[in-house]
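Novice: Here is a sequence together with a model predicted from it:
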Amino acid sequence: MSNEERRSYFLNRAQQQNIVSSPNTRFNIAERISTYDYQNYFDQEVQQQIARHGCTSGVGKSTFINTMRDLPPDHPKAAKTCSNTEGTTVVGEYPDVKNPKVVYYDFPGPGVPNFPIGEYSKTFKLNSYDFFIILVSNRFTENDCYLANELHECQKKFFCVRSRIDQNITNGSEDRGDEFNEQVYLDETKEICQENLKSIPGEHPVYLISGRLKNYTKWDFPKLVQNLIENAPDLKREALIHTISANSHEAVEQKGALIRSRIFKVALASAGLAAVPVPGLSICCDVVLMIREIRLYLKDFGVDKEAIESLSKRLGINLEDLLEVVYGAKMVFLDADDTGIRRLLMGKLSETAIACASGEGARYLPLIGPFISSGISFTAVYNVLHYFLEEIIVLAHKRIDQIVAHSQ
């Protein structure tokens, strides 16, 4: 099959899978065949699914925003944390460092000077935001309930969060000693908060969290993140899953499910739209695109070298020990020049192509067309990307285990 026939065939397949939908889009993708720009194309599709969060009212908002962005307070792009007396007087806008189109806003609370309650909704155009998090460090006040009612009237989703729970537990333990029961305290605190919110129509669960980065696997923080994602519209949900760090086993599985659904598209691009013969193999694919995709998986799950180095500092773990526990025999993923990944990738492509040619790999994917060589290439790329993804998911779960173990 000629290159032109291959491109035409796979462009048609892409249209059938709703990956491209118009002649103009087809032309734009075809233009990128010579520039290996498919990775950027697919990434842009995700980044256009914008999610914006409004974090309003209460104490510890900047710390919370930094933790949602997976940033320590001393990071150059971290939101500035205020003292108890300063508070927020202007709207802070904080794009996520991984996806700048996911933006967190830090608002002054209603009722503070310059922002009277009656004009709050109009002043800040509450209808412009997707989510609101009402964050308090003690109890929900009259102003907090006013804001919640305003959001209810606007039919906006909001989450009620009680922060600084770690400090309260520490204080309770020091004051009451052996008489202090953490679970009883948590239950009582949640009950009091929900009592404060009775005047607001509907059911509104309260999340007890510590906004500190080291505590993001504790108490209700993982559940809060999970519910943020679940309540997002479909397209924006994908952007959030890609953007929010995989800091719980549930988040790892969410990312895994989303990326699995993406592999078909990437395989079409690699084995069809941008395919070139691979020396030594009887298949055609874009190896550069596949390596970029694998690098994306590592970064998305927080197991690239930079992320692991940052984690070792945050947890106070020796870097070599952490690498050994998380990666073990998979140190190949840490090669800065892609040599190790390329070697492993080529071996897996060869192994899978042979299996596909003999019919053993056919059970993994339905026949995609009449061109046997193209079908083998596509199936090989598809299966190999799945192999790398599942291996990286295992690494991500090991990373979570280390975070939990060192946060006790």
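Specialist: Ah, there it is.
Novice: how near is Val326 to Ile259?
Specialist: Using Cβ to Cβ, to the nearest Å, we find Val326 at a distance of 19 Å from Ile259. Just so you know, the C-beta spots here come from the backbone N, C-alpha and C atoms, and that holds for glycine as well.
Novice: Also Leu268?
Specialist: Leu268 is 15 Å from Ile259, where distance means Cβ to Cβ.
Novice: my read is Lys98 is in a helix, agree?
Specialist: No - Lys98 is assigned coil when assessed by DSSP: H, G, I helix; E, B strand; the rest coil, not a helix.
Novice: what sits against it?
Specialist: Residues in contact with Lys98, defined by Cβ atoms under 8 Å, 6 or more residues apart in numbering, are 242-243, 299.
Novice: Give me the buried entries from these.
Specialist: With neighbours counted using 16 or more other Cβ atoms under 10 Å, the contacts of Lys98 contain these buried positions: 242-243.
Novice: how about the contacts of Lys98 in CSV, adding distance to Arg342 and secondary structure?
Specialist: Output for the contacts of Lys98, formatted as CSV (distance: Cβ to Cβ, whole Å; DSSP: H, G, I helix; E, B strand; the rest coil):
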residue, distance to Arg342, secondary structure
His242, 25, helix
Thr243, 28, helix
Lys299, 18, helix
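Novice: What about the residue lying closest to Arg342 once chain neighbours are set aside, how many residues nearby?
Specialist: Counting by Cβ to Cβ, 6 or more residues apart in numbering, Arg342 lies nearest to Ile291, which is 6.3 Å off, once chain neighbours are set aside. When neighbours are counted by other Cβ atoms under 10 Å, Ile291 registers 16.
Novice: any idea which helix or strand carries Ile291?
Specialist: Following DSSP states H and E, the helix or strand that holds Ile291 is helix 287-300.
Novice: Could you list every helix and strand in contact with that helix?
Specialist: In terms of contacts (3 or more Cβ pairs under 8 Å, 6 or more residues apart in numbering; DSSP states H and E), helix 287-300 is packed against helix 38-47, helix 249-268, helix 339-357, helix 372-405.
Novice: can you do 6 Å?
Specialist: helix 38-47, helix 372-405 (3 or more Cβ pairs under 6 Å, 6 or more residues apart in numbering; DSSP states H and E).
Novice: Confidence-wise, which of these is weakest overall?
Specialist: Looking over the helices and strands packed on helix 287-300, mean pLDDT reaches its minimum on helix 38-47, with a mean of 41.
Novice: show me what contacts Asn149?
Specialist: Asn149 is in contact with Ile200, counting by Cβ atoms under 6 Å, 6 or more residues apart in numbering.
Novice: So it: helix, strand or coil?
Specialist: helix.
Novice: Can you check the pLDDT for it?
Specialist: Model confidence at Asn149 (pLDDT) stands at 82.
Novice: List the buried residues for the helix holding Ile291?
Specialist: Neighbour-count burial for helix 287-300, with 16+ other Cβ under 10 Å as criterion, is recorded at 287-294, 296-298, 300.
Novice: next one: stretch 232-250
Specialist: Within stretch 232-250, the residues that count as buried by 16+ other Cβ under 10 Å are 232, 236-248.
Novice: List of residues touching it?
Specialist: The contact list for stretch 232-250 (Cβ under 6 Å, 6+ apart) reads 46, 49, 51, 70, 96, 98-99, 102, 216, 222, 225-226, 229, 252, 254-255, 258, 301-302, 396, 400.
Novice: Mind checking which of those are buried?
Specialist: Judged by neighbour count, with 16+ other Cβ under 10 Å as the criterion, the buried members of these are 46, 49, 51, 70, 96, 99, 102, 216, 222, 225-226, 229, 252, 254-255, 258, 301-302, 396, 400.
Novice: list the contacts for Leu258?
Specialist: Applying Cβ under 6 Å, 6+ apart, one finds that Leu258 lies in contact with 238, 241.
Novice: if I look at it, how far off is Ile229?
Specialist: Summarising the geometry, the distance separating Leu258 from Ile229, computed by Cβ to Cβ, is 10 Å.
Novice: low pLDDT regions in the stretch 151-300 of the chain?
Specialist: 270-286 (pLDDT under 70).
Novice: Then the stretch 1-150 of the chain?
Specialist: 1-59, 82-89, 109-122.
Novice: burial count for Arg262?
Specialist: Arg262 has 18 nearby residues by other Cβ under 10 Å.
Novice: correction: Lys313
Specialist: Residue neighbour count, defined by other Cβ under 10 Å, stands at 10 for Lys313.
Novice: so where does it fall, helix or strand?
Specialist: Lys313 is part of helix 305-315, with elements assigned from DSSP H and E.
Novice: pretty sure Ala148 contacts Ile200?
Specialist: Yes - when contacts are counted by Cβ atoms under 6 Å, Ala148 is listed as touching Ile200 (4.7 Å).
Novice: okay, those two: which has more neighbours?
Specialist: Set Ala148 next to Ile200 and count neighbours by other Cβ under 10 Å: Ala148 wins out with 25 against 19.
Novice: how close does the more buried one sit to Asn196?
Specialist: Computed with Cβ to Cβ, the distance linking Ala148 and Asn196 is 10 Å.
Novice: for the stretch 51-200 of the chain, what spans make up the strands?
Specialist: For the stretch 51-200 of the chain, the strands defined by DSSP state E, counting those that start in this stretch cover 52-56, 92-95, 103-107, 131-136, 157-162.
Novice: What strands line up against the third one, and which way round?
Specialist: For strand 103-107, the pairing partners within the sheet under DSSP bridges are strand 52-56 (parallel), strand 92-95 (antiparallel).
Novice: repeat for the fourth one
Specialist: In the sheet containing strand 131-136, the strands it pairs with under DSSP bridges are strand 52-56 (parallel), strand 157-162 (parallel).
Novice: still on that earlier bit, got a markdown table for the buried residues of helix 287-300, with distance to Glu306 too?
Specialist: Supplementary listing: the buried residues of helix 287-300 in a markdown table, determined by distance: Cβ to Cβ, whole Å:
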| residue | distance to Glu306 |
| --- | --- |
| Val287 | 23 |
| Val288 | 21 |
| Leu289 | 22 |
| Met290 | 21 |
| Ile291 | 17 |
| Arg292 | 16 |
| Glu293 | 18 |
| Ile294 | 15 |
| Leu296 | 14 |
| Tyr297 | 14 |
| Leu298 | 10 |
| Asp300 | 13 |
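Novice: No more questions from me, cheers.
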